[in-house]
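Q: Quick one, fold the following:
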Amino acid sequence: MNKCHIVVFSGGSAANNLVDVFGKVAEDKGCSLSYIIPISDNGGSSSELIRVFGGPGIGDVRSRLVRLIPEDVSSPETTAIKTFFNYRLSADSTEARHEWLDIVESRHLLWTSIPSPKRELIRSFLNTINLEIVKRVRPTSSFNFQSASVGNLFLTGARLFTGSFESAIYLLGAITGVPSNVNVIPAINSNFSHHISAGLEDGTVITGQNSISHPSAPSAPTPAPLTTASSAVNLKDDEELISPLTSHARTLSKELTEHDHIEDANLPGSLPTLRKQYIAFTKTHTSDLPSRISRIWYINPYGQEIRPSPNSKVIESLEAASAVIFSIGSLYTSLVPCLVLKGVGEKIRNAGARYKILILNGSLDRETRAVGVEFGAVDFITAIAFACKGGAVREEEWREYVSHVIYLEGEGTPKVEREVLGRAGVECVRIYGRKSEGEGGGMLYDGTALGQALQAIIGGGKKGLLDRSRRNTLGITGVAG
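A: Predicted coordinates for the structure are as follows:
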């Protein structure tokens, strides 16, 4: 590790918009940079890979690697490579299968501008997973190529060939030219699936990341539906499961039996909600949670709580960190699954990083908005601290996990309790942004302003930047604390 090292906790799509900002800050300070990415997502095309092959949810890892490919508009090869690994097959499953065969057999237009040596190297791993897909075809189960990510298929093929998830990540990074001073680290280094559950304050338990963040119906018919459309199960339902005489127990028993006849990568008797395809989903138009999330934990395939160890590189990165950044994105399904792993919270609290910076979301989502509840900065910080500590955290302890909050003001943004945070020693930095035109409103970060704020906090910006920010210069509009 370099003497200066920045660690960023983030998920995939939201934080991808800030990759250039983090990269420039690291470059200006001469720092190395590590992204710690969760692997618990069981939605989208990853759900089908998990169902058929097992293994971690790789969508966010692939998304970050492809986003890190250096921009070079003058290079047709670079553009083609980026397009290739970002490409999704048709939303029609039959058409998607034919399109996949064109790619594997080197007939697809995606191969244009990719030179032959690199094309054949990539194709070798696509052929590996294609062979594995064919081998796993059964009367009860076949692979659904609908909306499949070519990059996800490549990573899975490389993982199966090498037997190592991290080797697959290294290979994709090497092929695409990801800078050597940037590390993409899966929170858990595993060839197995890791799922999460969320406990709500009203006692409800929601199983699986897809059901927590963007619940959707299975993408293909399932043997038997649950008694409700949601995969949420509350404590009362759990009590009912004990009795074989209840209709719920009979329905669940039938569904488990039907699923156990399907030959895929799932263990017999594992939870039905973890065994379904959730290929088609939307992150908008989701209903509010009935109650706020109180805790996130990992589960085994049968729903029992476990506490996995993190990737050893996560601990090494935190030990070397000069600054830790909690990026924008899903609080409970992107950040918290990384923080609840054994020893991660302790390292954040006790390692040498002086700056622990929360970049507050520019809008609220399903995870931070329940019926009658809208999260503010204090709620974000207490959720992070609770996950790190594994229990309730006093106000005077907040700064041990979050020292600075960068935020935006505008319609749809979380409120920032500046006085409360100032009393706890957490500094608040308000910067300029722009209004989001997307569904749900909110605000978007301006890259220049965010970069200047990070430089000022970490100490790599121009001298006196935070003082001058009080006069509304350089895009930073206020500091408190």
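
Q: Name the SS class of Thr273, please.
A: Assigned by DSSP: H, G, I helix; E, B strand; the rest coil, the conformation of Thr273 is helix.

Q: Can you get me a residue count around it?
A: Thr273: 24 surrounding residues under other CB atoms under 10 Å. In this view, the C-beta of every residue, glycine as well, is placed from N, C-alpha and C.

Q: so it touches Val205, yeah?
A: No: using CB atoms under 8 Å, Thr273 makes no contact with Val205, being 11.0 Å away.

Q: which outside residues touch the top helix by length along the chain?
A: Identified as the longest helix of the chain according to DSSP state H is helix 116-135. By CB atoms under 8 Å, 6 or more residues apart in numbering, the residues outside helix 116-135 that reach it are 52-53, 77, 81, 84, 100, 103-104, 106, 111, 114, 143, 150, 153-154, 156-158, 160-161, 171, 175.

Q: helices and strands around the helix or strand just after that helix, which ones?
A: Following helix 116-135 in sequence order, the next helix or strand is helix 150-162 (DSSP states H and E). Applying 3 or more CB pairs under 8 Å, 6 or more residues apart in numbering; DSSP states H and E, we find helix 150-162 packed against helix 45-53, helix 59-67, helix 76-86, helix 116-135, helix 165-176.

Q: possible to save the ones you listed as a markdown table with mean neighbour count, mean pLDDT and distance to Val378?
A: Shown next, in a markdown table, are the helices and strands packed on helix 150-162 (neighbours: other CB atoms under 10 Å; pLDDT from 0 to 100; distance: least, CB to CB, whole Å):
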| stretch | mean neighbour count | mean pLDDT | distance to Val378 |
| --- | --- | --- | --- |
| helix 45-53 | 25 | 94 | 33 |
| helix 59-67 | 24 | 97 | 27 |
| helix 76-86 | 18 | 96 | 37 |
| helix 116-135 | 16 | 97 | 46 |
| helix 165-176 | 19 | 97 | 36 |
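
Q: Looking at those, which is nearest to Ala383?
A: helix 59-67 (19.3 Å; CB to CB).

Q: three-state assignment of Trp297?
A: Relying on three-state DSSP, one would call Trp297 strand.

Q: Show me how this protein divides into domains.
A: What the record gives for the chain is the domain set 69-178, 310-480, from automatic domain parsing.

Q: so of those, which one's packed in deepest?
A: Most buried of these by mean neighbour count (mean count of other CB atoms under 10 Å) is domain 310-480; its value is a mean of 19.

Q: That one - what's its average pLDDT?
A: On average, the pLDDT along domain 310-480 is 89.

Q: helix or strand for Pro301, which one?
A: Counting by DSSP H and E, Pro301 is found in no helix or strand.

Q: Also Ile457?
A: helix 447-458.

Q: swap in Thr382?
A: helix 377-389.

Q: Show me what that helix is packed up against.
A: Looks like helix 377-389 contacts strand 293-299, helix 336-339, helix 344-350, strand 355-359, strand 404-407, helix 418-423 (3+ CB pairs under 8 Å, 6+ apart).

Q: Tell me which residues are up against the second one.
A: Residues from elsewhere that reach helix 336-339, judged by CB under 8 Å, 6+ apart: 9, 36-38, 40, 187, 196, 209, 296, 298, 310, 314, 344-345, 348, 383-384, 387-388.
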